[in-house]
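Novice: sequence and predicted model, in that order:
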Amino acid sequence: MINNSQEIYLDHAATTPVDPKVLEAMLPYFCEEYGNAESLHTKGQNARMAVDKARDIVAKALHCQATEIIFTSGGTESNNLAILGAAKANEKKGRHLIASAIEHSSARSPFNKLAEEGFEITWLKVDKEGFVNPADVAESIRPDTIFVSVMYANNEIGTVEPIAKIGKICREKGVIFHTDACQAADSQTLDVEKLQVDLITINASKIYGPKGAGVLYVKQGTALSPQILGSSHEQGLRAGTHNVPGIVGLGKALELATKEHAEKIAKLTALRNKFIKGILEKIPNSSLNGPNPFDPKYASTSNAASDTTCPRLPNNTNFTFKGVEGPELVLQLDNLGIYISTGAACNIKGSKPSNVLLSIGLPKELIQNSVRMTLGKMTTDEEIDHVLKILPGLIEKMRGRR
């Protein structure tokens, strides 16, 4: 039973709470083992061992070498290092780059900066569910193409892209392939050989780890130009004193994600499907953005409640409620202790509409009617039932005021 004072957090795509086990692993490195990991004394070497252990954990999860793991301050820095670094280091080979139209702003912005500097960018279109067609990637690659970036899973509509197929194409063409796996790392395989990627971005705060910690996997032999200059930390690719507590937390979070994978995915998929079905049945003039697990082409059984074949993140839902302003619904639910986010790129009135929703063909007038509700590993059946109980009436009331 949910009481009126209980909070329900449905914005895990924005950030996740730190898992208590992660916090426990981090605590000693704030006030006890606080040394600089580059120092030669005992305090420094204890910190170095913690960093090395975390690096080994991440490498094990990605099935790669520990020397291929570069620690950063988060997903934004990793994306910038991958995109700007690869372009700058390889521009003598060509100045043509390829990216999907629905990349996160931390990827789009570096591409836009490179375009201003004379690089040519091909933006791959997506279909109405947000999928990149691997054939479009193959057709877009030219003799002067040096880099391709397609995000693993979309942060707004949860679409999981065919990364392995795209990776195979890029590997055969000899083109560097990067994927932003910030949203995917908690639920999808990160095996770099299966995915055939050269660069992978991971953000600790999306996998129940701390904010301010991230990873860029760099396949051995991939040329990158460092973007933060100074000392020779992280294979010479990222200068700056190691954030030891953050790195330890990231390692522990990824270790837990691996251990909890099967049970967590089954639970979240069932809750997500229950939520989608409840919303679409209880609220008229509502629609789901992104792949629908109840579409016959995805459902492997007549009961999609437990089906996991739909290429959508197991915790992601994104709805359009015709006649309801998304930002207003966010605030109305906030007053009830339920936390969601708008489906648009920014909550500020008059800002540009979501590039993702535009790219999948949602009319501009409906984009402001969209919201994203993303579940987490602590989300319960009771919480979903509570939201399904109050949301239909709230939306009906909001529509009635129009």
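Specialist: Happy to help now that I have it.
Novice: which residues sit in contact with residue 362?
Specialist: Shown in contact with residue 362 (CB atoms under 8 Å, 6 or more residues apart in numbering): 289, 320, 370. All C-beta spots, glycine's among them, are computed from the backbone N, C-alpha and C.
Novice: mind doing that once more with 10 Å?
Specialist: By CB atoms under 10 Å, 6 or more residues apart in numbering, the contact list for residue 362 reads 128, 157, 287, 289, 318, 320, 343, 353-354, 356, 369-370.
Novice: now residue 7
Specialist: When the contact criterion is CB under 10 Å, 6+ apart, the partners of residue 7 are 334, 336-339, 383.
Novice: now the buried members of these.
Specialist: Applying 16 or more other CB atoms under 10 Å to the contacts of residue 7, the neighbour count classes 338-339, 383 as buried.
Novice: gap between stretch 64-76 and the chain center?
Specialist: Put simply, stretch 64-76 sits 16 Å off its chain's centre (CA atoms, centre = their mean, to the nearest Å).
Novice: re earlier: switch the buried ones among the contacts of residue 7 over to JSON lines; also include secondary structure, distance to residue 145 and pLDDT.
Specialist: Converted to JSON lines, the buried ones among the contacts of residue 7 look like this (DSSP: H, G, I helix; E, B strand; the rest coil; distance: CB to CB, whole Å; pLDDT from 0 to 100):
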{"residue": "338", "secondary structure": "strand", "distance to residue 145": "46", "pLDDT": "98"}
{"residue": "339", "secondary structure": "strand", "distance to residue 145": "42", "pLDDT": "98"}
{"residue": "383", "secondary structure": "helix", "distance to residue 145": "46", "pLDDT": "98"}
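Novice: residue 99: which of those is nearest?
Specialist: When the buried ones among the contacts of residue 7 are compared for distance to residue 99 (CB to CB), residue 339 wins out at 30.9 Å.
Novice: pLDDT-wise, what's the bottom of the contacts of residue 362?
Specialist: Checking pLDDT across these, the minimum falls on residue 343 at 58.
Novice: nearest residue to residue 315 in space, please, no chain neighbours.
Specialist: Take residue 315 and drop its neighbours on the chain: the residue closest to it by CB to CB, 6 or more residues apart in numbering is residue 375, 4.2 Å away.
Novice: what does residue 13 give?
Specialist: Leaving aside its sequence neighbours, residue 13 sits nearest to residue 374 (CB to CB, 6+ apart; 4.0 Å).
Novice: any idea of the pLDDT on that neighbour?
Specialist: Among the per-residue scores, residue 374 shows a pLDDT of 98.
Novice: what pairs with it across the strands?
Specialist: Residue 374 has the following beta-bridge partners by DSSP bridges: residue 11, residue 316.
Novice: what about it, how many neighbours?
Specialist: Applying the criterion other CB atoms under 10 Å, we find 25 residues in the vicinity of residue 374.
Novice: go on, residue 316?
Specialist: Per other CB under 10 Å, the neighbour tally for residue 316 reads 28.
Novice: re the thing from before, surely the residue nearest to residue 315 touches residue 275?
Specialist: Yes. At 7.3 Å, residue 375 and residue 275 qualify as touching, with contact defined as CB atoms under 10 Å.
Novice: what touches both of these two?
Specialist: Applying CB under 10 Å, 6+ apart, one finds that residue 375 and residue 275 are jointly contacted by 10, 315, 317, 383-384.
Novice: pull out the buried positions in stretch 321-330.
Specialist: Within stretch 321-330, the residues that qualify as buried are 321, 324-327, 329-330, counting by 16+ other CB under 10 Å.
Novice: closest one of these to residue 246?
Specialist: Of the buried residues of stretch 321-330, the one sitting nearest to residue 246 (CB to CB) turns out to be residue 330, at 29.2 Å.
Novice: please report phi then psi for that closest one.
Specialist: Dihedral angles of residue 330 (phi, psi; degrees, to the nearest 10) stand at phi -60, psi -40.
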